[in-house]
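Chemist: With the input below, show me the fold.
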Amino acid sequence: METIVPRADPVTNRHVWFFSVAILLAVSIAVKSDSEAAEDKASWRTGSRILFQGDSITDTHRGSESAPDAGLGHGYVYLVAARLSADQPGRRLVFGNRGVSGNTIHDLAMRWEADTIALRPEILSILIGINDTTAEMPFAEFETAYERLLEQTKAALPNVRFVLCEPFALLPAEPDGRENLWEADVRRRGRIVENLAKKYRAPFVRFQKVFDEARKTAPAAHWLYDGLHPTHAGHQLMADEWIRALSASDP
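Modeler: Have a look, this model is predicted:
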């Protein structure tokens with residue numbers, strides 16, 4: 001696996017994203033996967049840069065180790081990169097992770113120029129919203145700030161393709177049996193993101209729906225250890241759904 005050597009990051013004092021390109025010399029797969037189906041539809045061009053932005057769920061301690069692929073973290077971003085690189089070695093796809101733990105939509109805006117636009121991705125995946133819930137950010141403010149980032153990105157990178165991801169939570173019900181108030185807040189932010197995905201003709205990755213279904217097969221903690229952050233099993237569900245959503249969308 002080839003990676004770009006990290007350099008100092010003046011904005012977040014972290015390593016600049018690691019680009020991870022896996023080249024397999026001989027791969028033979030009998031049944032087409034979702035990622036191969038996406039290749040047939042030319043969802044991405046050879047050498048495309050795919051950048052993931054978000055908070056701790058995307059971050060997953062990226063760059064905390066010296067391994068060549070440590071810049072991708074150890075969550076769904078890493079799993080997406082591994083699957084697509086193995087299934088589509090000829091594409092030589094380039095993956096980057098710029099998630100930062102604790103970020104809200106306003107935090108993304110503060111580092112957007114250096115951490116997103118300057119990296120010039122062809123495909124930009126965004127997962128944000130949990131920390132906006134804990135910060136009690138008004139919904140209208142969240143939507144306005146989110147759309148401002150999309151507009152800023154389109155102005156600088158007219159051909160960029162967005163992949164907008166649904167924030168999610170699996171939290172215990174309130175004492176009176178009503179839906180957990182934080183979870184209800186997260187779901188409402190998810191609907192905002194879904195509407196933006198429709199407006200910008202972007203794939204919408206339905207993570208909340210995936211975890212709602214998963215909760216029927218195993219306790220919530222099997223998928224999200226604290227109701228918010230995924231376990232290894234949860235990250236695998238996320239990676240599978242991300243690839244499926246992109247495979248099902250028009251290029």
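
Chemist: okay, CA-based contacts and neighbour counts for the rest of this
Modeler: OK.

Chemist: In contact with residue 242, which residues are there?
Modeler: 80, 205 (CA atoms under 8 Å, 6 or more residues apart in numbering).

Chemist: What is the three-state secondary structure of it?
Modeler: Under DSSP: H, G, I helix; E, B strand; the rest coil, residue 242 falls in the helix class.

Chemist: Now do it against residue 148, distance only.
Modeler: 24 Å (CA to CA, to the nearest Å).

Chemist: do residue 190 as well
Modeler: Distance from residue 190 to residue 148, by CA to CA: 17 Å.

Chemist: same check, this time on residue 232
Modeler: 33 Å.

Chemist: Check residue 89 too.
Modeler: 35 Å.

Chemist: In terms of neighbours, single out the busier of the two.
Modeler: residue 89 (18 against 13; other CA atoms under 10 Å).

Chemist: The more buried one and residue 244, how far apart?
Modeler: Counting by CA to CA - residue 89 and residue 244 are separated by 18 Å.

Chemist: What of residue 186?
Modeler: 22 Å.

Chemist: Could you do residue 206 as well?
Modeler: Applying CA to CA to residue 206 and residue 244 gives a distance of 10 Å.

Chemist: need the strands for the stretch 151-251 of the chain, in chain order.
Modeler: Using DSSP state E, counting those that start in this stretch, the strands of the stretch 151-251 of the chain run over 161-165, 204-205.

Chemist: Save these as TSV, and put in mean pLDDT, distance to residue 104 and mean neighbour count too.
Modeler: Output for the strands of the stretch 151-251 of the chain, formatted as TSV (pLDDT from 0 to 100; distance: least, CA to CA, whole Å; neighbours: other CA atoms under 10 Å):
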stretch	mean pLDDT	distance to residue 104	mean neighbour count
strand 161-165	98	14	24
strand 204-205	98	19	24
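
Chemist: Thank you, goodbye.
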